[in-house]
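Visitor: My questions concern the predicted model and sequence given below.
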Amino acid sequence: VFLHYQQIILEKERRKHGNDWMQAYWMPTEADKGTIALRRWLDKNGGIAWSPGVDTDMAAMPDKHLLFDTYKTHTSQCTSCQKALRWTNRLNKVFKYSALACVSAGIVGTVSWPLVASGAALGGATLATEKVRKMFYEVPFHHQDND
């Protein structure tokens, strides 16, 4: 996301002032050597071609869901994350149905508070695994909320 917006700023600088990346960025540290080498290589070799049918106007991307789409950009290609997602889905189902079973058993007839409490704890675990599961698909980021 940050790189996307940084590239938009760089493109605006190029269009407005004719500044290329070397004039727009100040990169004084050793850690910047890799970035400088990559940029020089892209300049020398003509960059990387866009796929056919892709809009090259970077400012035209209004949908932030595309920028935060974790599934398409990572999970779908990472075998470790795919395995973790499968386990998260399984755990979520186990917690959900166990919570329902505990609460149902706890309130039928004489109320069993330990079963109801277990159901509530498993319900909390269900919510936690659902939150983790969603991060395999999208991790929205709002800079103003970042502490």
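Guide: Great, that's in hand. Numbering: from 1, shown residues only.

Visitor: could you dump stretch 16-23 to CSV, C-alpha only?
Guide: Output in CSV follows, covering the C-alpha atoms of stretch 16-23 (Å, rounded to 0.1, in the frame of the first residue of the first chain):
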residue,chain,number,x,y,z
LYS,A,16,4.7,18.1,-12.9
HIS,A,17,8.4,18.9,-12.6
GLY,A,18,10.1,16.3,-14.9
ASN,A,19,11.9,14.9,-11.9
ASP,A,20,13.0,11.3,-12.1
TRP,A,21,13.3,9.1,-9.1
MET,A,22,16.9,10.2,-8.5
GLN,A,23,15.8,13.8,-8.1
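
Visitor: Check what contacts that stretch and list those residues.
Guide: Identification of contacts with stretch 16-23 by CB atoms under 8 Å, 6 or more residues apart in numbering yields 10, 13, 14, 39, 43. C-beta here means a position set from N, CA and C on the backbone, and glycine is covered the same way.

Visitor: so of these, which ones are in helices?
Guide: If you go by DSSP state H, these have 10, 13, 14, 39, 43 in helices.

Visitor: What segments of this protein are helices?
Guide: 2-17, 21-24, 33-45, 64-67, 70-73, 79-107, 113-135.

Visitor: Against which helices or strands is the fifth one packed?
Guide: Put plainly, it is helix 70-73. Using 3 or more CB pairs under 8 Å, 6 or more residues apart in numbering; DSSP states H and E, no helix or strand is in contact with helix 70-73.

Visitor: Put together CSV for the contacts of stretch 16-23, with distance to residue 118 on each row.
Guide: As requested, these are arranged in CSV below (distance: CB to CB, whole Å):
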residue, distance to residue 118
10, 56
13, 60
14, 61
39, 58
43, 63
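
Visitor: The residues you listed, buried ones only, as a ChimeraX selection?
Guide: Per 16 or more other CB atoms under 10 Å, the buried members of the contacts of stretch 16-23 correspond to this ChimeraX selection:
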select :10,13,39
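
Visitor: Which two of the contacts of stretch 16-23 have the greatest separation?
Guide: Maximum pairwise distance among the contacts of stretch 16-23 (CB to CB): 15.3 Å, between 13 and 43.
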